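> Based on what follows, work out the 3D shape:
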Amino acid sequence: MAEGTREFFEALPTRVTSDKTAGMSNSYLFDIEGAGKWLVAVEDGAVSVREGEGEADATISTSEETFEKIRNGEQNATSAYMTGKLKIKGDMGAAMKLQKLF
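Numbers count the residues shown, from 1 in each chain. As a prediction, this is how the structure comes out:
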């Protein structure tokens with residue numbers, strides 16, 4: 001399952017269309033328990049991803065199982081957050097914009 005998460009982040013820059021992220025400049029650290037950490041940066045529509053930690057506007061922490069369910073549409077991200085399965089630290093406004101990436 002870890003391979004699926006890694007592949008998701010590696011392919012993210014090619015999957016996100018710039019019309020969805022135009023004017024957006026935020027950074028996110030995804031801490032996926034059991035899979036790893038990825039720093040995702042959006043600079044005026046251009047998305048870049050690198051593995052590892054770094055400074056970010058918002059940090060999203062969750063288990064790999066929950067992340068996979070959100071990715072597959074089996075779990076709503078908001079309800080995952082409300083039930084404590086997904087944790088967000090930092091800029092909540094930036095975190096709300098994440099919907100544009102998925």
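
> This structure: strands as residue ranges?
25-33, 36-43, 46-51, 58-63, 86-90 (DSSP state E).

> so what strands line up beside the second one?
Using DSSP bridges, the neighbouring strands of strand 36-43 in the sheet come out as strand 25-33 (antiparallel), strand 46-51 (antiparallel).

> Residue 74: which of those strands is closest?
Proximity to residue 74 (C-beta to C-beta) singles out strand 25-33 among the strands paired with strand 36-43, at 16.0 Å. The C-beta positions use only the backbone N, C-alpha and C, and glycine is treated the same way.

> low pLDDT regions in the protein?
Residue ranges of the chain with pLDDT under 70: 1-3, 102.

> distance between the ends of stretch 44-53?
Terminal residues of stretch 44-53 lie 22 Å apart, using C-alpha to C-alpha, to the nearest Å.

> List the buried residues in it.
Counting neighbours by 16 or more other C-beta atoms under 10 Å, one finds that the buried residues in stretch 44-53 are 45, 47, 49.

> from those residues, which is closest to residue 66?
residue 49 (19.7 Å).

> and the closest one, what is it in contact with?
Applying C-beta atoms under 8 Å, 6 or more residues apart in numbering to residue 49 gives the contacts 9, 10, 12, 13, 38, 39, 40, 41.

> Quick one: neighbours of residue 34, just the number.
11 (other C-beta atoms under 10 Å).

> can you redo the strands paired with strand 36-43 as a markdown table with distance to residue 87?
Shown next, in a markdown table, are the strands paired with strand 36-43 (distance: least, C-beta to C-beta, whole Å):
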| stretch | distance to residue 87 |
| --- | --- |
| strand 25-33 | 9 |
| strand 46-51 | 20 |
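
> Indicate which one of the ones you listed is closest to residue 72.
Among the strands paired with strand 36-43, the nearest to residue 72 by C-beta to C-beta is strand 25-33 (14.3 Å).
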